[in-house]
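> Okay, predicted coordinates and the sequence, questions at the end:
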Amino acid sequence: MSIPDTPLMPKATAVWLVDNTALSFEQIAAFCRLHPLEVGAIADGDAAQGIKGADPIQTGQLTRAEIEKGEADATYRLKLSKPKTIVPELKRKPPRYTPTSKRQDRPNAILWLVRQHPELKDQAIIRLVGTTKTTIKAIRDRTHWNAANLQPLDPVTLGLCSQIDLDREVDAAAREVGVVHQVPIQPLDQPDALMPVEESLEPEMEPDRGGRSDKFDPDAVFAGLEAWKKGKDRKPEDDLDEN
């Protein structure tokens, strides 16, 4: 790990500063985090032999104005230029911690995962229950020291992982398997074109069977209705009077 505010390749940078600037040995030593006697040995050719000088201006670690300021004042200490692009440090997620009381249940959980979700890879199982590849391989091969007594148990029920984590790993593994074993879907037989709207809305006309017409005379219909209604309203006394 490099010391903060230390240039890349400090000895190569010191070689270039000794050869191309009028900075003092103390200034170069302070900037490159070296001892002044080591810088003097570089200037005398007794140290850093065969090391090619690295230009700190070209690499963006120093500016010409900063060097000129140091050459004008022997007590000035050079300052390393800040990088234009700062790359954030990636924090690695620590391995899942399993309480001591639940560690004995991990083989049972691994056996359940291997049987219920064979698409899961070893890394996914490690992330879920916090085990090792050696243990997973032994359980897969039935060479585990306690293989005869193992029973498949759901790791969520055992409290080794959450249902959300399990679903996430299963979905990721299923997508990966689906991409690898993707089968092209055959298109269904469909007509070349859809029926026009006018045709789909037009009522179907049935053919005339035996000269019969589907059209009815409204007057005849209502006349028959009136006759039926009058016959219904007649009383038995009216029939006796007529006789």
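Yes, it's here.
> can I assume residue 48 is in contact with residue 13?
No - using C-beta atoms under 8 Å, residue 48 is not in contact with residue 13; the gap is 10.6 Å. No exception for glycine: its C-beta is placed from N, CA and C like everyone else's.
> Among the two, which residue is more densely surrounded?
Shown here are residue 48 and residue 13; by other C-beta atoms under 10 Å, residue 13 has more neighbours (23 against 19).
> Let me see the contact set for that one.
Applying C-beta atoms under 8 Å, 6 or more residues apart in numbering to residue 13 gives the contacts 7, 31, 32, 53, 54, 56, 61.
> And the pLDDT at it?
We have a pLDDT of 91 for residue 13.
> ok, and it, which helix or strand is that part of?
For residue 13, the host element (DSSP states H and E) is helix 10-20.
> Show me what counts as buried in the next helix or strand after that helix.
Counting by DSSP H and E, the element after helix 10-20 in chain order, helix or strand, is helix 25-32. Along helix 25-32, these residues count as buried under the neighbour rule (16 or more other C-beta atoms under 10 Å): 25, 27, 28, 29, 30, 31, 32.
> go on, stretch 155-164?
155, 156, 160, 161.
> just the CA coordinates of the helix holding residue 13, formatted as CSV?
Coordinates of each C-alpha in helix 10-20 appear next as CSV, following Å, rounded to 0.1, in the frame of the first residue of the first chain:
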residue,chain,number,x,y,z
PRO,A,10,9.4,7.3,-6.2
LYS,A,11,13.0,6.4,-7.2
ALA,A,12,12.3,6.8,-10.9
THR,A,13,10.7,10.2,-10.1
ALA,A,14,13.8,11.2,-8.0
VAL,A,15,16.1,10.2,-10.9
TRP,A,16,14.2,12.5,-13.2
LEU,A,17,14.1,15.4,-10.7
VAL,A,18,17.8,15.1,-10.1
ASP,A,19,18.6,15.1,-13.8
ASN,A,20,16.1,17.8,-15.0
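> dump the residue contacts of residue 152.
By C-beta under 8 Å, 6+ apart, residue 152 lies in contact with 108, 111, 112, 115, 116.
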